[in-house]
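1. Pasting the sequence and the predicted coordinates here, then a few questions.
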Amino acid sequence: MDTKPAPKPFNAFEMAQRQFDAVAEQLGLNPAMRDLLRNPLREYHFLVPIRMDDGSYQVLKGFRVQHNDARGPCKGGIRFHPHETVDTVRALAMWMTWKCSVVDIPLGGGKGGVICDPHNLSDREQEAICRGWVRQVALNVGPVQDVPAPDVMTHGQHMLWMLDEYERIAGGRYPGFITGKPVGMGGSLGRTEATGYGVMFTVREAMKELGLDITKTKAAFQGFGNVAQYAVRLYRQYGGTPICVACWDQQDQTSYTFRRMGGIDPDELTAIADKYGAIDKDKARARGYEVLPGDAWIEQEVDLLVPAALENQVTGANAPRIHKQVKLVAEGANGPTTIEADKIIRERGIYLIPDFLCNAGGVTCSYFEQVQSNTNHYWSLDEVLTQLDHKMTAGFRAVHELARKKGVYQRDAAYMIAISRVAEACRLRGWA
Ligand code: NAD
């Protein structure tokens with residue numbers, strides 16, 4: 001009989017707490033402050049009963065976790081997922097607190113969800129879930145308390161159903177209750193570009209610090225979704241040469257890298273991709289692209305690597321294959337680098353822009369949406385992108401300066417800044 005205990009399943013909240021504990025130690029936070037910040041301030045667990053199209057009833061589980069609102073109302077997405085757990089929601093809420101803090105926007109961290117699978121639900125059933133979710137927490141969320149947004153398997157339509165329910169209860173128009181709304185219905189211009197452009201604003205600044213002329217650099221990207229596409233576009237506008245993207249092929253159930261040494265063209269590639277984003281391999285070859293294995297992106301002879309697909313992609317196993325030419329890794333995705341790979345990148349002296357700074361352009365633009373909705377005054381695209389550049393550049397500079405001053409890794413510096421700002425807000429309010 002095998003007596004080995006089963007491996008403990010990955011718990012995102014335990015990981016988020018471990019990360020926090022390490023930085024709390026470095027910052028010398030007092031025990032009460034540690035207790036306050038390593039746990040959510042508030043959690044709402046509730047049931048969402050809905051009537052199905054066939055007349056039967058289902059009772060779903062819903063959550064809203066508010067990690068910390070010392071710096072401003074909580075902000076964070078709502079996920080619809082069959083495997084959602086409250087610990088994942090807790091971890092994501094905590095990471096939102098640090099993300100908002102590192103780019104210095106006056107918001108805290110929250111996250112929510114409903115355990116359900118939208119693939120098996122009609123639009124009417126999904127609308128019932130959205131309205132049911134809002135009815136359960138309407139008194140505890142809102143423009144000055146906690147502002148939800150889209151996340152995994154939720155989008156603009158879900159946000160509008162939620163907004164409509166909230167406004168019925170509140171008896172007025174409160175577009176600042178929620179973000180991710182379509183443009184024209186309270187949404188912000190620039191949200192589509194925001195995360196990818198934000199990645200590139202930080203890359204531009206890092207290259208200046210590293211003494212690299214961006215027009216003489218090459219880059220490899222993993223992913224060809226919202227984040228990667230706009231990051232590639234702005235990189236080209238800056239004069240850089242993106243040589244490859246890697247993306248998932250739903251039909252083949254594997255990923256491929258599409259490389260053209262003279263430079264890839266994102267418009268050309270989107271024109272030959274299907275609705276799931278999979279690029280047609282024959283058409284790509286006909287346009288001069290090489291079709292390589294999915295993990296080839298990581299070993300290219302480039303200056304910049306941008307993992308912008310999903311978590312756990314740069315690992316202890318493949319990080320040694322990073323080419324010696326690489327000087328910069330910009331984490332467009334959330335959590336793309338494992339702890340083992342982080343160590344390798346650090347030891348090789350590769351400059352890293354950590355995820356919660358690098359991809360904070362999305363939440364920063366959501367904050368702009370909230371400001372526009374609350375004031376009922378909408379900005380031009382140019383205004384949004386100028387403000388976004390300003391925030392991302394300032395966030396990058398603060399992290400870079402601290403890392404240099406203290407001689408610490410950029411990821412540690414980013415955590416130190418984010419956590420100390422939140423701790424200071426709690427201290428000033430007299431909480432700990
Ligand atoms: P997306 O769904 O639009 O695109 C994901 C891309 O990754 C697709 O091109 C897909 O083909 C590719 N991909 C999936 N599995 C792959 C694999 N095994 N190998 C290679 N490519 C693979 O998602 P997105 O919005 O671009 O988000 C990408 C990452 O950025 C995620 O980690 C997300 O959490 C993070 N992020 C996104 C935003 C945002 O505003 N969209 C904001 C912050 C962080």
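-> Thanks, I have it.
2. what about residue 306, is that helix, strand or coil?
-> strand (DSSP: H, G, I helix; E, B strand; the rest coil).
3. is it true that it touches residue 336?
-> No: with contacts counted by CB atoms under 8 Å, residue 306 stays clear of residue 336, the gap being 9.3 Å. Any C-beta I mention is one placed from the backbone N, CA and C, and that applies to glycine too.
4. Show me which of these two is the more surrounded one.
-> Neighbours were tallied for residue 306 and for residue 336 using other CB atoms under 10 Å; the higher tally belongs to residue 306 (32 against 26).
5. Buried ones in stretch 306-323, by neighbour count?
-> For stretch 306-323, a neighbour-count test (16 or more other CB atoms under 10 Å) marks 306, 307, 308, 309, 313, 314, 315, 319, 322 as buried.
6. so which of these also contact the ligand?
-> 308, 309 (CB under 6 Å from any ligand atom).
7. Could you export the buried residues of stretch 306-323 to CSV, including columns for pLDDT?
-> Formatted as CSV, these follow (pLDDT from 0 to 100):
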residue, pLDDT
306, 98
307, 97
308, 96
309, 93
313, 94
314, 95
315, 94
319, 97
322, 98
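8. How much space separates residue 154 from residue 128?
-> 14 Å (CB to CB, to the nearest Å).
9. Near the nearest residue to residue 142 once chain neighbours are set aside, how many other residues are there?
-> Closest residue to residue 142 apart from its sequence neighbours, by CB to CB, 6 or more residues apart in numbering: residue 177 at 5.6 Å. As a burial measure, residue 177 scores 28 neighbours (other CB under 10 Å).
10. Equivalent analysis for residue 178, please.
-> Neighbours of residue 178 using other CB under 10 Å come to 29.
11. same deal with residue 424?
-> 14.
12. now do residue 339
-> 11.
13. Over to residue 42?
-> 16.
14. isn't it right up against residue 66?
-> Yes: judged on CB under 8 Å, residue 42 makes contact with residue 66 at a distance of 4.4 Å.
15. who touches both of these two?
-> residue 140 (CB atoms under 8 Å, 6 or more residues apart in numbering).
16. Now do the contacts for the residue nearest to residue 142.
-> 141, 142, 143, 147, 148, 162, 163, 166, 167, 170.
17. Kindly report the same for residue 307.
-> Here residue 307 is in contact with 222, 223, 313, 314, 329, 331, 332, 333, 336, 337 (CB under 8 Å, 6+ apart).
18. can you list those residues in TSV and add secondary structure and distance to residue 284?
-> Below are those laid out as TSV (DSSP: H, G, I helix; E, B strand; the rest coil; distance: CB to CB, whole Å):
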residue	secondary structure	distance to residue 284
222	strand	17
223	coil	16
313	coil	22
314	strand	25
329	strand	26
331	coil	26
332	coil	22
333	coil	23
336	coil	24
337	strand	28
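19. For the protein, which residues are neighbours of the ligand?
-> 195, 222-228, 246-248, 255, 277, 294, 308-310, 332-334, 359, 362.
20. burial measure for the closest residue to the ligand within the chain, as a count.
-> Residue of the chain nearest the ligand, by CB to the nearest ligand atom: residue 225 (1.7 Å). Residue 225: 18 surrounding residues under other CB under 10 Å.
21. State the distance from it to residue 258.
-> Counting by CB to CB - residue 225 and residue 258 are separated by 14 Å.
22. okay, and the common contacts of the two?
-> residue 247.
23. What lies in contact with the strand or helix carrying residue 365?
-> Using DSSP states H and E, residue 365 maps to helix 361-375. Contact partners of helix 361-375, identified using CB under 8 Å, 6+ apart, comprise 75, 96, 99-100, 103, 105-107, 143, 147, 149, 175-176, 179-181, 186-188, 190-191, 194-199, 201, 378-379, 384, 387-388, 391-392.
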